[in-house]
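Trainee: A structural model of the following input is requested.
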Amino acid sequence: MKKFLKRLLALTAALAALTALAAPQVMAETINPAKDLTSLSGAPIDKDGKQYASVDATVTPGQTVYFLLPGSAGKILGNDRNIRLSVRKNRNSKYINRIYLTERYLPPRTNKDDYIVPSGITNNNYYATNAVKAYARHQYVAVEIKDYTGSEEIRLDFDLNFTVRRDSTTGYGFSYGVGRTDRVANPKDPKAAIWMDNPAFIENSKFKETGDRLTLSGRIYVGNKQTNGYDTSVTVGGAGKTIKIAASDSNFVSFDTKYDTIATLEFTGSSNPENFIARLSTKWTSGLLSKFRNTDAVIWRFTPANIDCDSRAKLTLSNPFDEDQNPNRVYIYTVNSNGVLQDVTNKFTYDEDEDVYYTRTRTLGTYIISDKKVNIR
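Mentor: Numbering: from 1, shown residues only. You can find the predicted model right below:
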């Protein structure tokens, strides 16, 4: 009996060994070290197709910015049949709406414009960057930045995780830039030009099996443009500006369209003032528009702000009506923090010489001048 048990155990061990040898070998997933997104894309590109001068430039909030995936990088990473993208928002994630890949033109551009991306070459005899024609369809990482009204600059951090979802015999590796970099010496002499192939950004062997991962870490510095409050102009409908108030001195801010000034703010700054965001839109919200649908009313939507002034600031709104409307027979409304309309006509004064309405205030909000009275309930 003992001999039988020993033979049975030996047979079982042998079968187990054979089974292990016959079983397919499972390849370990390759988790590549994270790389900086801008080491591939270069500086971000704004909503108007203009590339920022630096990878660490301050980006205006409330817009979508784009990171170019040049050459074969865009073709490979943009193919969602083979590569899956997942996004992780890190620092100040509440100011990022969404991040995604998109293939598009970025107007307006001309055929003479280029985007600059790294070449990956550190040899001092060759260019460290490549020029990529901007007037073309490219693959981009798009980052939608939410509105931000703070006066200090903030940093947004995020990770893009690209994971292989279908095995490839050759791999999904790609190079920096557009593949080749010219020598610095005598760049205008074709005979003197010598080319160097750009190095691999990710090697085929490390990005080919299902589960292999490449992480690109991105960052964006976000802030509103700062300007001195002595005398400054803010474009209506634009990004606005952070007003650095002149302490114990006169400050003047005008809000201008392409053709005219439609509002001004005058005040004396307090002795130790805090900055504020000066931004103005004339677009209606759906809720307010429904209340004024039978009028010719005009809206001023300032970004809510407290004015750190010595005495109340003078806010002036231009008369939006022509001479057919009696300027003394208009109705002026504001909107409180709960979104409720308030009639503030008696707090404004009409200046016939300047054809404007003005009031004294320490805050900015939403104002509406209407040719007809509306129900504010």
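Trainee: Okay, G49 and R88: tell me how far apart.
Mentor: 28 Å (CB to CB, to the nearest Å). (Each C-beta comes from the backbone N, C-alpha and C, glycine too.)
Trainee: quick one, which of these two is more surrounded?
Mentor: Between G49 and R88, G49 has the larger neighbour count (other CB atoms under 10 Å), namely 17 against 13.
Trainee: if I've got this straight, the more buried one is in a helix?
Mentor: No: applying DSSP: H, G, I helix; E, B strand; the rest coil, one finds G49 to be coil, outside a helix.
Trainee: if I pick the nearest residue to it once chain neighbours are set aside, what's in contact with it?
Mentor: Counting by CB to CB, 6 or more residues apart in numbering, G49 lies nearest to L106, which is 3.6 Å off, once chain neighbours are set aside. Residues near L106 by CB atoms under 8 Å, 6 or more residues apart in numbering: 45, 48-49, 66, 134, 138, 140.
Trainee: Which two of those residues have the greatest separation?
Mentor: D48 and H138 (15.3 Å; CB to CB).
Trainee: So these two - more neighbours on which side?
Mentor: H138 (21 against 10).
Trainee: Tell me the bridge partners for that one.
Mentor: R104 (DSSP bridges).
Trainee: hang on, isn't it packed against T102?
Mentor: No: between H138 and T102 there is no contact under CB atoms under 8 Å: 9.5 Å.
Trainee: show me where this protein has helices.
Mentor: Here the chain has its helices, by DSSP state H, at 2-22, 38-41, 71-77, 286-291.
Trainee: centre of the chain versus the shortest one, how much separation?
Mentor: It stands for helix 38-41. Offset of helix 38-41 from its chain centre (CA atoms, centre = their mean, to the nearest Å): 16 Å.
Trainee: same question for it, mean pLDDT?
Mentor: Helix 38-41 shows a mean pLDDT of 94.
Trainee: which secondary structure elements does that helix contact?
Mentor: Using 3 or more CB pairs under 8 Å, 6 or more residues apart in numbering; DSSP states H and E, the elements in contact with helix 38-41 are strand 64-69, strand 114-118, strand 213-222.
Trainee: Sketch out the low-pLDDT regions of the stretch 151-300 of the chain for me.
Mentor: 185-187, 190 (pLDDT under 70).
Trainee: all strands for it, in order.
Mentor: 154-164, 174-175, 180-182, 195-197, 200-202, 213-222, 225-228, 232-235, 241-244, 250-256, 261-268, 276-278, 280-281, 298-306 (DSSP state E, counting those that start in this stretch).
Trainee: Sort out which residues of the third one are buried, please.
Mentor: Residues of strand 180-182 classed as buried: 181-182 (neighbour count, 16 or more other CB atoms under 10 Å).
Trainee: Sheet-wise, list the partners of that strand with their directions.
Mentor: Here, using DSSP bridges, strand 180-182 pairs with strand 195-197 (antiparallel).
Trainee: again with the fifth one
Mentor: Using DSSP bridges, the strands paired with strand 200-202 in its sheet are strand 174-175 (antiparallel).
Trainee: ditto for the first one
Mentor: The pairing partners recorded for strand 154-164 under DSSP bridges are strand 83-89 (antiparallel), strand 213-222 (antiparallel).
Trainee: looking at the helices of the chain, which has the lowest confidence?
Mentor: The stretch with the lowest mean pLDDT among those is helix 2-22, at a mean of 56.
Trainee: In the sheet, which residues pair with the residue nearest to E266 when sequence neighbours are not counted? Tell me.
Mentor: Distances taken as CB to CB, 6+ apart place K314 nearest to E266, at 4.5 Å, with adjacent residues excluded. Beta-bridge pairing for K314 (DSSP bridges): E266, R360.
Trainee: Wait, N224 touches N275, no?
Mentor: No: counting by CB under 8 Å, N224 sits too far from N275 to count as a contact (9.1 Å).
Trainee: Settle it for me: which of those two has more neighbours?
Mentor: The neighbour comparison of N224 against N275 (other CB under 10 Å) goes to N224, with 26 against 19.
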